[in-house]
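Q: Mind folding the following:
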Amino acid sequence: MLDATTRSGGTATAPPRATATELTVPTVAPVLPTGLSARCTRALLSPWSRLSLLLALLMAAASTVLLFHPQRLLSDGWPPQLGGAAAAVVFAAAYGLCTVAFVPRPLLNLAAGALFGSQLGVGAALAGTVLGAGVAFGLGRLLGQDALRPLLRGRWLRAADGQLSRHGFRSMLAARLFPGVPFWAANYCAAVSRMGYVPFLLATALGSIPNTAAYVVAGSRASAPTSPAFLVAMACIAAPALVGAVVAWRKRHQLRGR
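A: Below is the predicted model of the structure:
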């Protein structure tokens with residue numbers, strides 16, 4: 001039943017809005033563990049801890065190479081129980097690990113030619129090249145990128161990082177085709193940049209074919225240094241080095257003029 005004010009045309013007072021039943025649920029921020037084990041875990045997973053682990057792994061690998069002298073395979077020969085494709089597969093795996101440990105690729109390519117000949121040697125050397133580059137890239141990306149990217153402040157460092165990040169495939173292809181940049185340095189520089197994994201491996205595989213094949217052929221014909229195949233291989237080794245030196249000299253003057 002309406003009250004007198006409403007019946008007489010007055011203004012009725014609306015009942016108060018029922019806000020008491022509306023509950024506001026506060027947003028609770030996740031509480032991070034603060035115990036000793038949690039602090040130790042965060043410290044171990046920090047960028048600088050991972051970079052320290054990477055450096056320790058590389059130093060251990062280089063020390064192992066210095067202790068075991070893998071170049072003895074050239075004088076002592078490959079283990080006699082291995083032969084053919086199986087020996088090439090094992091050599092490719094050893095090749096990849098040796099490149100991660102800073103063993104120069106020309107020495108490994110010459111060894112591939114001396115042990116397996118031209119055709120099988122080229123296949124084993126290229127497989128080892130891609131394997132070693134992939135392992136180094138993965139280690140650098142996982143353990144070193146977060147710590148090293150904030151240090152890219154110099155003009156040349158930022159220019160190299162921008163080139164690798166924006167034009168990764170063609171930049172890495174040029175670095176593999178023209179010698180001058182050490183293999184391990186190119187791997188870890190690419191890992192610190194924002195280059196993709198697939199373009200890096202594809203550019204490494206394609207760009208390493210001429211130089212690798214030249215060294216493998218030279219190694220397979222090292223016993224006949226006056227043969228046409230050996231002379232052509234040496235010319236294929238010298239020509240990219242000369243072109244790379246000229247290009248680097250011209251780029252050096254352009255950078256100074258900026």
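
Q: list the contacts for Val135?
A: Contact analysis of Val135 by CB atoms under 8 Å, 6 or more residues apart in numbering lists Gly96, Leu97, Val100. Any C-beta I mention is one placed from the backbone N, CA and C, and that applies to glycine too.

Q: make it 6 Å
A: By CB atoms under 6 Å, 6 or more residues apart in numbering, the contact list for Val135 reads Val100.

Q: Quick check: which element contains it?
A: Counting by DSSP states H and E, the element that carries Val135 is helix 105-143.

Q: Contacts for the following helix or strand past that helix, please.
A: Once the chain leaves helix 105-143, the next helix or strand it forms, by DSSP H and E, is helix 145-148. For helix 145-148, the surrounding residues in contact (CB under 6 Å, 6+ apart) are Pro47, Trp48, Leu51, Val192.

Q: any idea how far Ala245 is from Ala114?
A: Remark: distance between Ala114 and Ala245 (CB to CB, to the nearest Å) = 28 Å.

Q: These two: which has the busier surroundings?
A: Per other CB atoms under 10 Å, whichever of Ala114 and Ala245 has more neighbours is Ala114, with 20 against 13.

Q: which of the contacts of helix 145-148 has the most neighbours?
A: Neighbour max across the contacts of helix 145-148 (other CB under 10 Å) = Val192, 23 neighbours.

Q: In contact with that residue, which residues?
A: Per CB under 6 Å, 6+ apart, neighbours of Val192: Gln145, Leu148.

Q: returning to what we had before: can I get the contacts of helix 145-148 in JSON lines with distance to Pro150, pLDDT and secondary structure?
A: Below are the contacts of helix 145-148 laid out as JSON lines (distance: CB to CB, whole Å; pLDDT from 0 to 100; DSSP: H, G, I helix; E, B strand; the rest coil):
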{"residue": "Pro47", "distance to Pro150": "9", "pLDDT": "74", "secondary structure": "helix"}
{"residue": "Trp48", "distance to Pro150": "11", "pLDDT": "74", "secondary structure": "helix"}
{"residue": "Leu51", "distance to Pro150": "11", "pLDDT": "78", "secondary structure": "helix"}
{"residue": "Val192", "distance to Pro150": "11", "pLDDT": "86", "secondary structure": "helix"}
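
Q: so, if you compare those, which one comes nearest to Gly180?
A: Val192 (19.1 Å; CB to CB).

Q: so Ser208 sits right up against Leu177, yeah?
A: No. The criterion here is CB atoms under 6 Å, and Ser208 misses it with Leu177 at 8.4 Å.

Q: These two: which has the busier surroundings?
A: Taking neighbours as other CB under 10 Å, Ser208 and Leu177 compare with Ser208 leading, 21 against 17.

Q: From Pro225, how far off is that one?
A: Ser208 is 24 Å from Pro225, by CB to CB.

Q: separation between Pro104 and Cys98?
A: In terms of CB to CB, Pro104 sits 9 Å off from Cys98.

Q: before we move on, what about Pro240?
A: According to CB to CB, Pro240 stands 22 Å off from Cys98.

Q: got it, and Gly140?
A: Counting by CB to CB - Gly140 and Cys98 are separated by 17 Å.
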